[in-house]
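A.B. asks: Generate a structure from the sequence data that follows.
(chains A, B and C)
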Amino acid sequence: MVNLQDIKDRAKALLENGEVGAVVGFIESTAGNLASPKFITEADQADGLIWDPTCVHNLALYLVEERKRQTKAAHGHGAAPGGEDKSKRLAIVAKGCDTRAVNVLLQENYFPRDDIHVLGVSCEGTGMVDRYKLAKKLKGLQAEKTEFDGNGYKVTTTSGETVKVAAKDVMADRCLECRHPHPVIFDDEFGEAVEDRGLADAFAAIKTVDEGSTADKWKFWGHHFDRCIRCFACRSVCPMCYCEECVVDSINMHVLQDTSAEEKANRIKWIERSATTSENIGYHLVRAMHLAGRCVDCGECERVCPVNIPVRLLNSVLDFEAKDTFGYDVGMDPGQPSFVSSFRDDDPNDFIR
Amino acid sequence: MSDNIYLPKMGRIIDVNSEVEGARAIKTFRVEFVNGDGFDHECGQCAMLSVFGKGESMISIASSPLIKEYKQFSIMRVGRVTTAIHDMEIGDVIGVRGPYGNNFPVEDWKGKNLIFIGGGCGLAPIWPIIQTAVLQRKDFKDITVFYGGRSSRDIMYAKELEKLRGDAEVHLSIDSEEEGWNEFCGFVPTNVMDKSPSPKNAIAITCGPPIMIKFVIQNLKGAGFEDTQIYTTIENKMKCGIGKCGRCNVGKDYVCTKGPVYSWADLKELPQEY
Amino acid sequence: MEKVLKKDNLRDWVIALSSYEVHAPAFEDEVWNFKQVEKPEDAALDHTNTVKPPKDFSFPQREVYCEFAQKKGEAPMVTETLPALAAPKVVFGVRPCDGRAGPRNDTVFSKEFDDIYYWMRRKKVAQVGLACNTPPSRNCFCTAVGGSPHSEDGLDVLMVDLGDSYLVKALTKVGEEIVKAGGKALGNASAADKKTAAKAKADAEKAPMREIVDIKTVPENLQKNFDSEVWGEMAQACIGCGICTFLCPTCHCFDINDEVTNVTPLRGQRVRTWDNCQFPDFTMHSSGHNPRNTLGARLRQRVCHKFLYFVQNHDTYQCVGCGRCISECPVGIDIVAVVNKVAHDVG
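C.D. replies: Predicted coordinates for the structure are as follows:
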């Protein structure tokens, strides 16, 4: 069992010893049944840390965001109002999937290993809650808080009732299908590695979509892409979507003193801002392709989508291809070669050798 | 189409003049409306210029409202739209909608000494007042123009400034010394300090790079100018030009409708969001 | 005009509205959203609130301003593209908070300049409200911003759930036409019906909701604490997505772009799309300078627009308390908590 006090104590010690400038962990939000990521900079704030099935976020994102803030500040673009930039080490609380995101970022040299401290937390026998599944289960009641309760969850509703549900019934698909619920890279480890969770087969969700004909697939995805409002939450929440400038940006986002007018004028608009079928398809497919062999299936893209587009499935398909065709497991080791820029000597195709 | 505020009128370019070349090129365009479909403007107002296929850019109108035949725009090449405009030639047709924004209270300044302080491309927004004051020379007292560029090659309206002498006192400057340059060497705010204009019955109008404006205002205040005697303009990214698209606000004010002209007395109350 | 509608007769009312395009909330893909009613028997009003507000009936995410074409060496040809005038729309199930968004958006799209695209659509939309006897979401706070769960503001008709039936109150001339069109589907409201509705209203207004402390002092305190470090702290977890604003019933910011469909000869469209103060490119100058360069500055813009600038310019809050931005924020940023913190708890 994960002992929350251990996480708090470790966070406190890291801050007190000055080993890190901040611990990014989870605190309770005021929005209801959702943890909120928080930069904890003072030891006494560590008491506010929580660990429950609403700690859904992949906090590796903030390792990226903090690095960007520091780079920006170094270029004289100013710090956020309210926080001078501490170019100190950063600690994050990370689940299994989140630690694999850390590995991919290390693999891509986004930051050096020494700059980060990983408080790895095991999801053990369960995982994170899916709000739509929970809403269905609660039949009109609204969840205020969800806690771990053995292999189930204890849900407290807004009207004060306690409802116990089997985790399996309301867990996010990503967690049901998770192949690595235990952290794979960490400086501190909390909770146990649980073998044989037996919750769902890996890649179970894509199999139902993958079985249909091409026409069926177009119908399925056409329906979903049409609904996209291009809020870019899926991109914003993804630790791997760290590009300074994205194909969907309408202007050059990375403008320096010597960026010429011609460079800005000649920037190609690959994808228009209009949320039309063609542009939405362009956006989602480009994003999926850029995540091939990089997506760790934390499922945050799908979780944050306000209109519930199954964004994760796109990435899962590519994850499946990587695994099935090339035996590639994303984010297992920072030293592993990059999926798209490496090949094996025994590759069956000779064009690559 | 007349009710549709988003559709531009068509203007034909009748004159193009290259003011400054290089990485920060400035060109001046004179545009006459096609089919007499134009509009009148006031000093300080802007217009949204469009190049179809590229987009729109808000540009200050750099000619006096007293000139009805054309509207003048002096444009620095910075991005997609301004580069496309720079590629245009005499006879080409451009979209123009406006006029947008508030204006300098020029009528209230009659009988006063006017001191203009410009830097770089910042001569364009205040040029309509200078032109107006010269066209109505008797209505105004002393006119003084300070203007500076990085080098002598960065001086815009060079010929026009020469013509101005006689009607106005003109003090030019460049940042560092150059052979053959007989006027002031140094930054614009220093040149202003050097000539120490009197605040008596005067209005100072300044426009240029933010850092220049900051020191000009500091120096004018030092010389005894009241906040209400100092005017400047600000700019922000704009799309609609009519206070709806939501991006150009500085505090409660959309610069496209409540600006771009501010007295320092008003501007200093607004947050530094420009 | 007050009528009563048996819940089973909603179908008949929808059928009677055959000269209108009828929309109502539908539960699809696990979320509620407005959808055109294809089968009247499907029309039901058992929703919480829709994820997307009804603003896009008047202000769609994409609006084509004009089409343009230009041959080399010739002047551009521009063709105005106004919204196609289809049948008038009736939107059922609009919650009173979203109803109150209407007049606020009307203000923005008129004032000194009327926006022809907005108004052509707006004049064709009638909103039939459904009062909230209980708050549809734990993050509702309409009463904190001057609204009411039974507010009539901005609606053409208000329906109040009486158990087996609805009290149906026409509020505008358009509303009266819609109610009249229902014919026999609606009966006359009795004194008892009106009394039940009044009681439901009184009870609903007493129901606990999220609270903003001392709202009258919020604008001045936001002004006072404009430079507070708290903005940055509260925005630290912000991922910079557009959910809070795109789902907001009163957020109206937009972008205008030329979309080229053919290069030579040039053809394309000038298009308005929703835009959003949380995206960094929203305010970034071409030079790269960005006046709102941080998450904190952008959160401050969103909150101050609603609780300070709009009050200064239009004398009302630009927030109707629907709670969508709270419930849908991926990281739990809570506008009520932010307002309370910045306005009342900055040391």
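
A.B. asks: Does B:N35 touch B:M10 like I think?
C.D. replies: Yes. Because the distance of 7.2 Å satisfies Cβ atoms under 8 Å, B:N35 is recorded as touching B:M10. Glycine gets a C-beta too; all of them are placed from N, C-alpha and C.

A.B. asks: Now do the residue lying closest to A:S274 once chain neighbours are set aside against chain B, distance only.
C.D. replies: In this structure, A:S274 finds its nearest non-sequential neighbour in C:R62, 4.8 Å apart by Cβ to Cβ, 6 or more residues apart in numbering or on different chains. From C:R62 across to chain B, the span is 14 Å (Cβ to the nearest Cβ, to the nearest Å).

A.B. asks: Tell me if I'm right that C:R62 and C:R272 touch.
C.D. replies: Yes. Counting by Cβ under 8 Å, C:R272 is a contact partner of C:R62 at 7.2 Å.

A.B. asks: and B:N35 and B:M10? which has more neighbours close in?
C.D. replies: Per other Cβ atoms under 10 Å in any protein chain shown, whichever of B:N35 and B:M10 has more neighbours is B:M10, with 19 against 7.

A.B. asks: hang on, that one in a helix?
C.D. replies: No. Counting by DSSP: H, G, I helix; E, B strand; the rest coil, B:M10 is not part of a helix but strand.

A.B. asks: so where's the chain uncertain?
C.D. replies: All of this is about chain A. A:75-87, A:352-353 (pLDDT under 70).

A.B. asks: you looked at the wrong chain, it should be chain B
C.D. replies: Using pLDDT under 70, chain B drops low at B:1-2.

A.B. asks: For it, what lies in contact range of chain A?
C.D. replies: B:23, B:25, B:77-80, B:82-84 (Cβ under 8 Å from any Cβ of the partner chain).

A.B. asks: what's the neighbour count on residue 5?
C.D. replies: I'll assume chain A. Counted with other Cβ under 10 Å, A:Q5 comes out at 11.

A.B. asks: Please refer instead to chain C.
C.D. replies: C:L5, neighbours per other Cβ under 10 Å, totals 21.

A.B. asks: picking that back up, and of the residues of chain B next to chain A, the nearest to B:P210?
C.D. replies: B:V78 (15.1 Å; Cβ to Cβ).

A.B. asks: so that closest one makes contact with B:K237?
C.D. replies: No. Between B:V78 and B:K237 there is no contact, the gap being 11.4 Å when judged by Cβ under 8 Å.

A.B. asks: any residues in contact with both of the two?
C.D. replies: Common contacts of B:V78 and B:K237 (Cβ atoms under 8 Å, 6 or more residues apart in numbering or on different chains): C:S286.

A.B. asks: give me every residue that touches residue 255.
C.D. replies: Unless you meant another one, I'm taking chain A. Counting by Cβ under 8 Å, 6+ apart, A:V255 has contacts A:264, C:284, C:286-288.

A.B. asks: if you could check chain C rather than the one you did, that'd help
C.D. replies: A:250, A:273, B:239, B:245, C:272-275.

A.B. asks: now B:T232
C.D. replies: Contact analysis of B:T232 by Cβ under 8 Å, 6+ apart lists B:205-207, B:213, B:217, B:261-262, B:264, B:267.

A.B. asks: So out of everything in the stretch 151-300 of chain A, what residue is nearest chain C?
C.D. replies: Proximity of the stretch 151-300 of chain A to chain C (Cβ to the nearest Cβ) peaks at A:V255, 3.0 Å away.

A.B. asks: how far away is B:E169 from B:P128?
C.D. replies: 19 Å (Cβ to Cβ, to the nearest Å).

A.B. asks: Good, wrapping up.
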